[in-house]
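Asker: sharing a model prediction with you, sequence too.
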Amino acid sequence: MATSNLVEVQDVTFSYDERRVLKDINLVVPRGKVVAIMGLSGCGKTTLLRLIGGALFPDRGEVRVAGRVVNKLRDAELFALRRRMGMLFQFGALFTDMSSFENVAFQMREHTNLPESIIRDLALMKLQAVGLRGAADLLPSELSGGMARRVALARSIALDPMLMMYDEPFTGLDPISLGVIGQLIRRLNDSLGATSIVVTHDVAEALELVDYVYYMSAGKVEFQGTPDQVRAAGLSSLRQFVYGEPDGPVPFHYPAPDYRQDLLAQ
Amino acid sequence: MTGRIAELLRALGARIVNNWIWRLGFACRFLWFTLRESGASFRRFHLTIREIYFTGVLSLIIILVSGLFVGMVLGLQGYDTLVRYGSSEALGVLVSLSLVRELGPVVAGLLFASRAGSAITAEIGLMKATEQLSAMEMMAVDPIARVVAPRFWAGVISMPLLAALFSAMGVFGGYLVGVRLIGVDEGSFWSQMQAAVDFREDVLNGVIKSLVFGVAVTWIAVYEGYDAPPTAEGVSGATTRTVVTSSLAILALDFVLTALMFRGH
Amino acid sequence: MMTRKELDLWVGIFAVIGIGAMLFLSLKVANLASFSAADSYQITAKFDNIGGLKVRAPVKSAGVVVGRVGEIRFDNESFEAVVALNIDSFQRTAPRRS
């Protein structure tokens, strides 16, 4: 059944051991759009990506990708679904014992029977798309952080996925690399005809880039809207997040006993 | 008073169950998964060959050199004791039986555990910590089939070869010291050895031992790597545990196997 | 990073010397070559009690190994142990168990 949403998260609750990470989450990702999921560290954003990718199963609720309920899939079906998803991990997670080229070619070699010459051409094309065809023979240890992440991006689009997921793609990058990655996310999404989910807390980049934003706090979706709506939002926790105010609903001081008493006590 | 003792016992029991029994259970299931996913290790044998290079070939130097030295020491010490009873011609027997039955499989196993076993644990643990295993899963490639199983089979295949090389080098070392250095009669050295060492009883049993050790060490190594907490301390702790647990397992299994194989001789 | 061919070469060398070591241990250190190749003839001996005798135990004459114990059976009628001895063909005299 073809809905206009590629991903639907419905009433999902999830806990790690006893710690409740997500509570009654509802969100949708329409086809062809780039959606950001933003929030502070520990609000459950990465967990949400894992749930969509089928690496974790919700305690309650459903996660649907392309109409299929992810946690009800059998192993073979889950693997088939994952071949149509690409994920960019926070620091790239390149395989350190292989060159950039071999990293990009990995999925093609594992999942297809294409002859080596075609795989070579495809891998070089993917590297070209991220601007690193010249670095094909370098090992991950020889790449800078930004380059490693771009190679990882080329690797994750190797099989032209329908859904791209980005886990903190902007973290720790210099301004140039930031701009490059941001552009690549948008360009690849549009040229592949794919749908993208970007988990980040880099507000400036995200608001420039995406079509829709979900803001999460303490395991719940506190706000959703277009970037303009986010910038204009009155919600104080969101304002503090967007404008980087040191004090607000998220307090500056970690809970502590009275200051004077602490200093005076022996 | 009894309340405190009860409390201590309860805590001890909880520790035993949580750490040991739970981990042992998971380790057994993990071995089952590894065996079940082993098809690719043989259908795409180049994966296993690559791992045999890293576990076997790169262990050659330490195995050959240690074997040589152990054999030479056996020659020296053996001669020193045997000559008191006028049995110095039995030196070949002493050196070869000690090596083939015991020292070859056991010492090679211990060296293998510290060199190759720790390397396997560290590598798998680091791959887990840097999310390479998660990335593989997200790309619909089973990390157990692609990363763990080839390393497991590489260890099982390498271990008997390394133990045989250790024993062979040891016999040669014993020969160098006994015959060349000290002057034991060369003819008696080899002929008495051939009469006393039986292929089935001694050599084959030694090979069986080294296979068992290979399975035990590699199983422990891949399990500890896969289960390691994804932090620096986690990986280093897992690596130490591999070496310690493997060594103890080798010595314990050696006793069991020796009792089964060599009693009533 | 090693190429496939280099890896194969080294692993092949490793396998060859490993198997070579096993052959060395089997043939030069142990006695695999000697007792399996020889032709043998069989004689049967009866014992009241086989003591510690086992299959494949060496049969010696004048201290020299001339054969191996083949099969040990129990005779239900005479209540004796019947032992088949495989003697190397170039021996002519009947051996004694040592």
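Answerer: Thanks, I have it.

Asker: CA atoms of the top helix by length along chain C as CSV?
Answerer: Using DSSP state H to define each element, chain C has its longest helix at helix C:4-24. Output of helix C:4-24 as CSV, limited to C-alpha atoms (Å, rounded to 0.1, in the frame of the first residue of the first chain):
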residue,chain,number,x,y,z
ARG,C,4,44.9,-11.3,-2.4
LYS,C,5,47.8,-13.0,-4.1
GLU,C,6,50.3,-12.2,-1.4
LEU,C,7,48.0,-13.4,1.3
ASP,C,8,47.4,-16.7,-0.5
LEU,C,9,51.1,-17.2,-1.0
TRP,C,10,51.9,-16.8,2.7
VAL,C,11,49.0,-18.9,3.9
GLY,C,12,50.1,-21.5,1.4
ILE,C,13,53.6,-21.5,2.7
PHE,C,14,52.3,-21.7,6.2
ALA,C,15,50.1,-24.7,5.4
VAL,C,16,52.9,-26.5,3.6
ILE,C,17,55.4,-26.1,6.4
GLY,C,18,52.8,-27.0,9.0
ILE,C,19,51.9,-30.2,7.2
GLY,C,20,55.6,-30.8,6.7
ALA,C,21,56.1,-30.5,10.4
MET,C,22,53.3,-33.1,10.9
LEU,C,23,54.9,-35.4,8.4
PHE,C,24,58.2,-35.0,10.1
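
Asker: may I have the secondary structure class of the nearest residue to residue C:71 once chain neighbours are set aside?
Answerer: Spatial nearest neighbour of residue C:71, chain neighbours left out: residue C:84 (4.3 Å); criterion: Cβ to Cβ, 6 or more residues apart in numbering or on different chains. Just so you know, the C-beta spots here come from the backbone N, C-alpha and C atoms, and that holds for glycine as well. Secondary structure assignment for residue C:84 (DSSP: H, G, I helix; E, B strand; the rest coil): strand.

Asker: beta-bridge partners for residue C:84, please?
Answerer: residue C:44, residue C:71 (DSSP bridges).

Asker: just checking, it touches residue C:70?
Answerer: Yes - under the criterion of Cβ atoms under 8 Å, residue C:84 makes contact with residue C:70 at 4.0 Å.

Asker: shared neighbours, the two?
Answerer: residue C:42 (Cβ atoms under 8 Å, 6 or more residues apart in numbering or on different chains).

Asker: who's more crowded, these two?
Answerer: Neighbour count, other Cβ atoms under 10 Å in any protein chain shown: between residue C:84 and residue C:70, residue C:70 has more, with 17 against 14.

Asker: how much space separates the more buried one from residue C:63?
Answerer: Applying Cβ to Cβ, to the nearest Å, the value for residue C:70 to residue C:63 is 21 Å.

Asker: then residue A:62?
Answerer: For residue A:62, the distance to residue C:63 - Cβ to Cβ - is 84 Å.

Asker: between these two, which has more neighbouring residues?
Answerer: Using other Cβ under 10 Å, the more surrounded residue of residue A:62 and residue C:63 is residue A:62, with 14 against 7.

Asker: got a list of what the more buried one touches?
Answerer: Here residue A:62 is in contact with A:8-12, A:69, A:71 (Cβ under 8 Å, 6+ apart).

Asker: for it, list each beta-bridge partner.
Answerer: When bridges are called by DSSP bridges, residue A:62 pairs up with residue A:10.

Asker: quick check, pLDDT for the residue in chain C positioned nearest to chain B.
Answerer: Relative to chain B, the nearest point of chain C is residue C:18 (2.9 Å; Cβ to the nearest Cβ). Note for residue C:18: predicted pLDDT of 95.

Asker: wait, it touches residue B:165, no?
Answerer: Yes - the criterion here is Cβ under 8 Å, and residue C:18 meets it with residue B:165 at 5.9 Å.

Asker: so which residue of the stretch 101-250 of chain A comes closest to chain C?
Answerer: Taking Cβ to the nearest Cβ, the stretch 101-250 of chain A has residue A:139 as its residue nearest chain C, at 7.0 Å.

Asker: check the stretch 101-250 of chain B too.
Answerer: Counting by Cβ to the nearest Cβ, the stretch 101-250 of chain B gets nearest to chain C through residue B:161 (2.9 Å).

Asker: quick check: that residue is in a helix.
Answerer: Yes - assigned with three-state DSSP, residue B:161 falls within a helix.

Asker: coming back round to it: where's the dip in pLDDT among the contacts of residue A:62?
Answerer: residue A:71 (82).

Asker: what does the stretch 1-150 of chain B have sitting close to chain A?
Answerer: B:126-127, B:130-132, B:134-141, B:146 (Cβ under 8 Å from any Cβ of the partner chain).

Asker: quick check, nearest of those residues to residue B:27?
Answerer: Ranked by distance to residue B:27 (Cβ to Cβ), the residues of the stretch 1-150 of chain B next to chain A are led by residue B:127 at 18.6 Å.

Asker: need the contact list for the nearest residue to the closest one once chain neighbours are set aside.
Answerer: Leaving aside its sequence neighbours, residue B:127 sits nearest to residue B:133 (Cβ to Cβ, 6+ apart; 5.3 Å). Contacts for residue B:133 (Cβ under 8 Å, 6+ apart) come out as B:124, B:127, B:143, B:147, B:226.

Asker: got CSV for these, with neighbour count, pLDDT and secondary structure too?
Answerer: CSV is the format used below for the contacts of residue B:133 (neighbours: other Cβ atoms under 10 Å in any protein chain shown; pLDDT from 0 to 100; DSSP: H, G, I helix; E, B strand; the rest coil):
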residue, neighbour count, pLDDT, secondary structure
B:124, 26, 96, helix
B:127, 25, 95, helix
B:143, 19, 94, helix
B:147, 24, 95, helix
B:226, 23, 95, helix
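
Asker: if we can go back for a sec, now the nearest residue to the residue of the stretch 101-250 of chain A closest to chain C once chain neighbours are set aside: phi and psi?
Answerer: Closest residue to residue A:139 apart from its sequence neighbours, by Cβ to Cβ, 6+ apart: residue A:99 at 5.7 Å. When read as degrees, to the nearest 10, the backbone of residue A:99 gives phi -70, psi 170.

Asker: any idea how many residues pack against residue A:99?
Answerer: Neighbours of residue A:99 (other Cβ under 10 Å): 19.

Asker: next one: residue A:18
Answerer: So residue A:18, with other Cβ under 10 Å, has 5 neighbours.

Asker: now it: phi and psi?
Answerer: phi -100, psi 0.

Asker: tell me the residues of chain A that contact chain C?
Answerer: A:97-99, A:139.

Asker: by mean pLDDT, flag the weakest helix or strand of the chain.
Answerer: The chain I'm using is chain A. helix A:236-243 (a mean of 77; mean pLDDT, DSSP states H and E).

Asker: sorry, should have said chain C
Answerer: Result, chain C / mean pLDDT, DSSP H and E: helix C:32-37, a mean of 58.

Asker: surely residue B:88 touches residue B:81?
Answerer: No - judged on Cβ under 8 Å, residue B:88 makes no contact with residue B:81 at a distance of 9.5 Å.

Asker: more crowded one of these two?
Answerer: Just comparing residue B:88 and residue B:81: by other Cβ under 10 Å the higher neighbour count belongs to residue B:88, 21 against 12.

Asker: need the pLDDT of that one.
Answerer: 88.

Asker: which residues of the stretch 151-265 of chain B fall in helices?
Answerer: B:186-196, B:205-227, B:232-262 (DSSP state H, counting those that start in this stretch).

Asker: which residue is the nearest non-sequential neighbour of residue B:254?
Answerer: Here the residue nearest residue B:254, using Cβ to Cβ, 6+ apart, is residue B:106, at 5.3 Å.

Asker: and for the one you found, the neighbour number?
Answerer: Applying other Cβ under 10 Å, I find that residue B:106 has 22 neighbouring residues.

Asker: now do residue C:76
Answerer: Residue C:76: 7 neighbours (other Cβ under 10 Å).

Asker: list the helices and strands whichever helix or strand residue A:176 is part of packs on?
Answerer: Residue A:176 belongs to helix A:175-192 when elements are defined using DSSP states H and E. Judged by 3 or more Cβ pairs under 8 Å, 6 or more residues apart in numbering or on different chains; DSSP states H and E, the packing partners of helix A:175-192 are strand A:34-39, helix A:145-156, strand A:163-167, strand A:195-200, helix A:203-209.

Asker: nice, that's everything, thank you.
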